[in-house]
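J.: I would like to see how this sequence folds:
(one chain, ligands or ions: 1)
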Amino acid sequence: MAGFRIIAVGRLRKGEEAGLYERFAGRLVPPPIVTEIAEGRGSAAEVRRREASALLAALPDPAFVVALDLGGAAPDSERFAREVEQWSSLGRPVCFLIGGAEGLDASVIQRADRVLSLGAMTWPHMLARAMLAEQLYRAQAIRNGHPYHKADRPYS
Ligand SMILES: C[S@@+](CC[C@H](N)C(=O)[O-])C[C@H]1O[C@@H](n2cnc3c(N)ncnc32)[C@H](O)[C@@H]1O
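T.: Model (predicted):
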């Protein structure tokens, strides 16, 4: 399967979030390519707009864009694994976009082919990056029948 790209606002500094991200991203074959966008300045709307221009400019052509946003659909892990496989079969670079403290601008949501929620709670963007890496690794485990994913728990 071709690799994923993560285009995210902010710099992941050495620390616990980076360790968590590396733990899962390092198990992905191939590991994701990460592009980091500088945090915008100004009012919340300006920040979103500036970050949106940089995020959209960083997209390769013809990207399949998955925007991480609270307003998106929240599939379970098995469904996410199936979707990831389907997106990967399109022959387009699959790019996950993660916003900064002010969230993603409407223009990014409009450009997205899919808007993905990690649940109804708001997570810090660096944690969202690590959680995305974990779910991509889980999707890989589901696809490969690896025991990392215990499909029947907690019900069996
Ligand atoms: C601190 S959050 C932004 C919060 C902002 N007030 C909003 O409502 O979008 C930073 C980024 O992390 C990601 N994020 C945080 N929680 C998320 C969730 N539950 N689902 C999907 N993405 C999330 C999104 O990309 C978001 O733009």
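
J.: for the protein, which segments are assigned as strands?
T.: Using DSSP state E, the strands of the chain run over residues 4-9, 33-37, 64-73, 94-98, 114-116.

J.: and this structure, which of its residues are near the ligand?
T.: Residues of the chain lying close to the ligand (Cβ under 6 Å from any ligand atom) are 68-70, 98-101, 103-104, 117-119, 121-125, 128. (Glycine included, C-beta is placed from N, CA and C.)

J.: can you rerun that using 5 Å?
T.: Applying Cβ under 5 Å from any ligand atom, we find that the chain lies next to the ligand at 68, 70, 98-99, 103-104, 117-119, 122-123, 125, 128.

J.: want to try JSON lines for the strands of the chain, with distance to Lys150, mean pLDDT and mean neighbour count as columns?
T.: Shown next, in JSON lines, are the strands of the chain (distance: least, Cβ to Cβ, whole Å; pLDDT from 0 to 100; neighbours: other Cβ atoms under 10 Å):
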{"stretch": "strand 4-9", "distance to Lys150": "24", "mean pLDDT": "98", "mean neighbour count": "24"}
{"stretch": "strand 33-37", "distance to Lys150": "29", "mean pLDDT": "98", "mean neighbour count": "17"}
{"stretch": "strand 64-73", "distance to Lys150": "23", "mean pLDDT": "98", "mean neighbour count": "19"}
{"stretch": "strand 94-98", "distance to Lys150": "25", "mean pLDDT": "98", "mean neighbour count": "25"}
{"stretch": "strand 114-116", "distance to Lys150": "22", "mean pLDDT": "98", "mean neighbour count": "18"}
